[in-house]
Structure formats: structure tokens, C-alpha cells
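Chemist: Fold the stuff below for me.
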Amino acid sequence: MPIFDTHAHYDDSRFDGDRDAVLAALPEAGVELVLDPGCDLPSSRAAAALAERYSHVYAAAGIHPENCAGFQDADLAALRQLLAQPKVAAIGEIGLDYYWAENPPRDFQQMVFRKQLALAEELDLPVIVHDREAHGDSLSIIREFPAVTGVFHCFSGSPEMAEELLKRGWYLGFDGPITYKNARRAPEVAAITPLERMVVETDAPYLSPVPVRGRRNDSRYLPHVIAKLAEWKGITPEEMTRITCENGKRLFRLG
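Modeler: Residues are numbered from 1 along each chain as shown. Down below sits the predicted model:
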């Protein structure tokens, strides 16, 4: 069954030694599609270049909250150019991150987030939202843009937040942490999330699932995440693989 890894950073420097070998091996391992989101303009350009080179790779372009310190309105014009490319399917990774004290100020992150959501509204594109320790503000800001939907990547909010997002047409991303022993909220969120709104992600090279936790992650480890979700939803891993692949294609409008 074809796997769609809807969030993997193959532009990351941890793949510099074997990037082409890893990407070339994915289809044989059952990974039909990968979406690589940028975190700033250089990584967005790198993701777009990988999408051009590999038929099974698509890209997203965006400015991550951890990387938004130097943001200027001119950056929106650069994003707009990238988003015009046929294999750049979404705006992302964008959002809010209050976890790291050294991140840009919260009000600045919020401004950058709003400007990219407005661009998504204008261009009618899905978005990939990063929300770390910023659930209330993330939800408040996306309420300002009811026409915009996409996915909350590696969703870590409450079941109540999930319910509101689902009512608004959003998808939820499930990653390696759902396989960890301390994953308490994840089963509750999965229980209320319809199968047709789930997508699976690695966040490679980060968030490796059990039993490969601590190693560099890549899309070939996604079956561990799929198996856990399938167990929670009472279906086979094969069925979960098929459903999440279809969901990812629908989310990112890939036919």
C-alpha cells in the first residue's frame, strides 16, 4: 500500500551525506509521496528544487516561527514566486512557537503568521501549521481566516482544540511521538478524529518513532506511526496506509 509522508525535511543538513540515496530508495520501500516543507526562504527553495528532481516529492514554502526574526514584506514576494511553481503545493511550515525563549517575540511571530495566512487566503492554498506551546493563540489567529485550512502538524493540543479544528475543516498530523510511552493526549485526539482527517508525518530527520527513537528519522519508519494509529482506530495498518495517503492527496490537491 502506498505511503504518503506529508511532512519531511529532506533539505535538512542531516541528509547532506546521503540525501539522494535516501530519496531514491523511498518508492521501493512503499513511500509513494513525500511533502517537504520549508522553514525559511533558503530551505523553501531547496525543498522546491528537490520536488523538481524527484517525481515523488512535493514541496511547501513558508517561514517557520523559529526562523522569522528577519522577516520583511519583501519575503512575501519571494514566497509568492516559489508558490507559483507547480510542485509547491502549500504554504508552510508556518505558525507559532513559544517553547524556546530565544525565539522572536510572540507579537512578531503572530504578525508573520497572519501575513502568511493572508497569502494562503489570497492564493487559495492549504497551510502547514507549527503550533508549539501556543495553542490558544494559534487557534485564535486561524479563526481570523475562516477560508484557510490545512493541517496542524504534529498536533499536540487538547481534544477540545482538535474538535474545533475538525469542525473548521482542518486535518491533524500524527508523528513519531504517538508511539512514545508518555503519549497521553494523542489517543484521546485520535479517538475523536475521523479517519478522513488524519495524515501521517515523520518530521524527518526529527521525531523518530519507537523502536528507532534516537536515530535519524526518514519516511521508511512511517509504518510504525501508521500501525499505532491503526491499532487505536481498530483497522488494519494496510487500511490506515491507504486512507492517510488518500487524505494527504486531498489535503494538498495532488489529484
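
Chemist: Okay, helices next: where are they in the chain?
Modeler: 19-25, 41-53, 73-83, 106-123, 135-143, 159-167, 185-192, 222-233, 237-251 (DSSP state H).

Chemist: Let me have these in JSON lines, extended by distance to residue 65 and mean pLDDT.
Modeler: The C-beta positions use only the backbone N, C-alpha and C, and glycine is treated the same way. What follows is the helices of the chain, written out as JSON lines (distance: least, C-beta to C-beta, whole Å; pLDDT from 0 to 100):
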{"stretch": "helix 19-25", "distance to residue 65": "25", "mean pLDDT": "98"}
{"stretch": "helix 41-53", "distance to residue 65": "14", "mean pLDDT": "98"}
{"stretch": "helix 73-83", "distance to residue 65": "14", "mean pLDDT": "97"}
{"stretch": "helix 106-123", "distance to residue 65": "5", "mean pLDDT": "98"}
{"stretch": "helix 135-143", "distance to residue 65": "10", "mean pLDDT": "98"}
{"stretch": "helix 159-167", "distance to residue 65": "18", "mean pLDDT": "98"}
{"stretch": "helix 185-192", "distance to residue 65": "21", "mean pLDDT": "96"}
{"stretch": "helix 222-233", "distance to residue 65": "24", "mean pLDDT": "98"}
{"stretch": "helix 237-251", "distance to residue 65": "21", "mean pLDDT": "98"}
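
Chemist: Please name the residues that touch residue 127.
Modeler: By C-beta atoms under 8 Å, 6 or more residues apart in numbering, the contact list for residue 127 reads 62, 90-92, 94, 116-117, 120, 148-151.

Chemist: again, but for residue 98
Modeler: Each residue near residue 98 by C-beta under 8 Å, 6+ apart is listed here: 106, 132-134, 137.

Chemist: Am I right that residue 228 is in contact with residue 179?
Modeler: Yes - judged on C-beta atoms under 8 Å, residue 228 makes contact with residue 179 at a distance of 5.2 Å.
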